[in-house]
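Asker: here's a sequence, model it:
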Amino acid sequence: MIMKLLIGFTTDPDEPNWHGYMYAVLLIFTNIFQSLINGYQAQRMSVLGMRIRTCLVSAVYRKSLVLSNHSKKDTTSGEIVNLMAVDSQRFVDMLPFISFIYTAPVQIAISLYLLYNELGVATMGGLVLMILMIPANGWVSAKIRQIQVKQMKLKDKRVRGLNEILSGIKVLKLYGWEEAFVENIQAIRQKELNLIRRSGMINSITITLASCLPFLVSLLTFGLYIALDPNGKLDAQKAFVSISLFNLLRIPLTMVPNMVTSLILTLVSVKRLDKFLNFSELSGYVTRKTDQKEVVKIENGSFTWDSVEEVESGLKPTLEKINMRVMKGKFVAVVGNVGSGKSSLLSALLGDMEICGGSVNING
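Answerer: Numbering: from 1, shown residues only. As a prediction, this is how the structure comes out:
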C-alpha cells in the first residue's frame, strides 16, 4: 500500500515533496519492523522447540528406567534411542512453521482483498488456481505420512540390528560372520534410503509447484484482467502494486507445504512417543519402613516376570508364597539348582518383578 502511494507520488507533479520522503521512510521502517518481528518469532520458537525436546528426552529416559518386564519385550534400546534422537527433534523442526497454520489464511485473505481492489473480478482466476492446489497438497501429505511410518519402522529395525552386532561382536569375530551381518544392515539401510529418496522427490515437486504458483496466479490474473476489460488500464502503479501483493502471497503459499510436511512427521512421532510412554511400569511394591531388627523381609510374596493379568488368568507365578526374614548383621546364602529362582528372588527384592501378592520391606 505504501508502494502504491510512492508510485502515485512519482507520477503526480502536484504532490508535495515531503510526501515522497514520508513514504520512503515508512517503507524502510515497515521492512525493519517486519525483520525484527520475524527474528523475534524465530528465536522464541527455537527456544520453545529446545525446551519441548529436552522434556521429551527426559520423559523417555525416565520411562525406560521403570518399564515393566513384559513391556520391555515390545521395545528395544534402539527404538528408545530413536525416540530420544529423532522423534523429539521433529518438534524443533516443526515449531518455526507452526504459526503459518493461523497466519497463512490471514495473509492470503488480505492479499486477495487488496488484489480485488486493484484488478477486480480477474482476481478470482488466481483464487480458483490456488483452491485447486489444496487437494494436491492433501494427497502429498498423505503420501509423505505413509512413507514416514515405513521409514521409522526400518530405522528401528536397523538400530536393533546394530545393537545385536555390538553386543555379540566376540561371537561374530570368532565365526567370521561380519560380512553376512553387514549385508543385512546394508539391505535394511537401502530400503530406508529408497523411502527417503521417494519422500524427497515428492517434497521437491511440492516445493517447485508452490514456488511457481504465485507466477502462475499472476499470469492468469493479468491475462483475465486484460481479456475481461480490453479498455482497462494496466499502468505501472497497478502492475507494481499487484506484483508486490503476489509476492506477499508467495510466502504463505511456499511455507504451507513445508509446514504441512513437518506437521505430518511430528504427528507420526507423537503416536510413537504416545505408545512408548503408555507402556506399563513397575508397580514399586518395595516399602522402605525402618526396622532395625529385620532388615529384609518378604511376607507371603508371589512374583512373576509376566503381567499380573496373565497370572490372574491362570499362569503360574515365577516365585510363589515366599517368606523370608534377614536379621541385621547376619550373612545369608541362597542355595539352589539352576533355574530354581535364586536370581528372581534378588530381582524381587530390587523391585524388578511384578508382585501378585504379599509384601516386601527393606530397612532404609
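Asker: pairing partners for the longest strand along the chain, with directions?
Answerer: Ranked by number of residues, the top strand in the chain under DSSP state E is strand 294-304. Note on strand 294-304: by DSSP bridges, its sheet partners are strand 319-327 (antiparallel), strand 354-362 (antiparallel).
Asker: what comes up buried for the last one?
Answerer: By that I understand strand 354-362. 354, 355, 356, 358, 360, 361, 362 (16 or more other Cβ atoms under 10 Å). The way it works is simple: take the backbone N, C-alpha and C, and place the C-beta from them, glycine included.
Asker: farthest pair in those residues?
Answerer: The largest separation in those, counting by Cβ to Cβ, is between 356 and 362 at 19.0 Å.
Asker: now the strands paired with strand 294-304 in a markdown table, with mean pLDDT?
Answerer: A markdown table is the format used below for the strands paired with strand 294-304 (pLDDT from 0 to 100):
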| stretch | mean pLDDT |
| --- | --- |
| strand 319-327 | 89 |
| strand 354-362 | 87 |
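Asker: any chance of the ones you listed in CSV, plus distance to residue 165?
Answerer: Formatted as CSV, the entries for the strands paired with strand 294-304 read as follows, by distance: least, Cβ to Cβ, whole Å:
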stretch, distance to residue 165
strand 319-327, 35
strand 354-362, 32
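Asker: of all those, which one is nearest residue 7?
Answerer: Of all these, strand 354-362 comes closest under Cβ to Cβ, at 77.1 Å.
Asker: then the closest one to CSV, C-alphas only?
Answerer: Extracted C-alpha coordinates of strand 354-362, given in CSV (Å, rounded to 0.1, in the frame of the first residue of the first chain):
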residue,chain,number,x,y,z
GLU,A,354,5.6,-57.8,39.2
ILE,A,355,4.1,-58.7,42.6
CYS,A,356,1.0,-60.9,42.7
GLY,A,357,0.5,-60.9,46.4
GLY,A,358,2.3,-60.4,49.8
SER,A,359,4.7,-57.6,50.8
VAL,A,360,8.4,-56.7,50.7
ASN,A,361,10.1,-54.4,53.1
ILE,A,362,13.8,-53.3,53.2
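Asker: got a list of what the closest residue to residue 334 other than its chain neighbours touches?
Answerer: Nearest non-adjacent residue to residue 334, counting by Cβ to Cβ, 6 or more residues apart in numbering: residue 342, 5.1 Å away. Residues in contact with residue 342, defined by Cβ atoms under 8 Å, 6 or more residues apart in numbering, are 334, 335, 336.
Asker: from the buried residues of strand 354-362, pick the one nearest residue 216.
Answerer: Using Cβ to Cβ, the buried residues of strand 354-362 come closest to residue 216 at residue 354, 63.0 Å.
Asker: show the average pLDDT along the host helix or strand of residue 127.
Answerer: Assigning secondary structure by DSSP states H and E places residue 127 in helix 123-167. The average of the pLDDT scores along helix 123-167 is 82.
Asker: wait, which of the strands paired with strand 294-304 is closest to residue 143?
Answerer: With Cβ to Cβ as the yardstick, what comes closest out of these is strand 354-362 (42.9 Å).
Asker: ok now the host helix or strand of residue 21, how far from the chain's centre?
Answerer: Taking DSSP H and E as the criterion, residue 21 maps to helix 17-65. A distance of 20 Å separates the centroid of the chain from that of helix 17-65, by Cα atoms, centre = their mean, to the nearest Å.
Asker: how is this protein divided into domains?
Answerer: Domain ranges of the chain: 1-119+258-281, 121-228, 286-362, per the TED database.
Asker: export the ones you listed as CSV, with columns for distance to residue 234.
Answerer: What follows is those, written out as CSV (distance: least, Cβ to Cβ, whole Å):
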stretch, distance to residue 234
domain 1-119+258-281, 9
domain 121-228, 7
domain 286-362, 75
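Asker: helices and strands around the helix holding residue 127, which ones?
Answerer: For helix 123-167, the contact count by 3 or more Cβ pairs under 8 Å, 6 or more residues apart in numbering; DSSP states H and E identifies helix 77-82, helix 100-119, helix 178-228, helix 236-277 as packing neighbours.
Asker: and the average pLDDT for the first one is what?
Answerer: So the one you mean is helix 77-82. pLDDT averaged over helix 77-82 gives 84.
Asker: with that, I have no additional questions.
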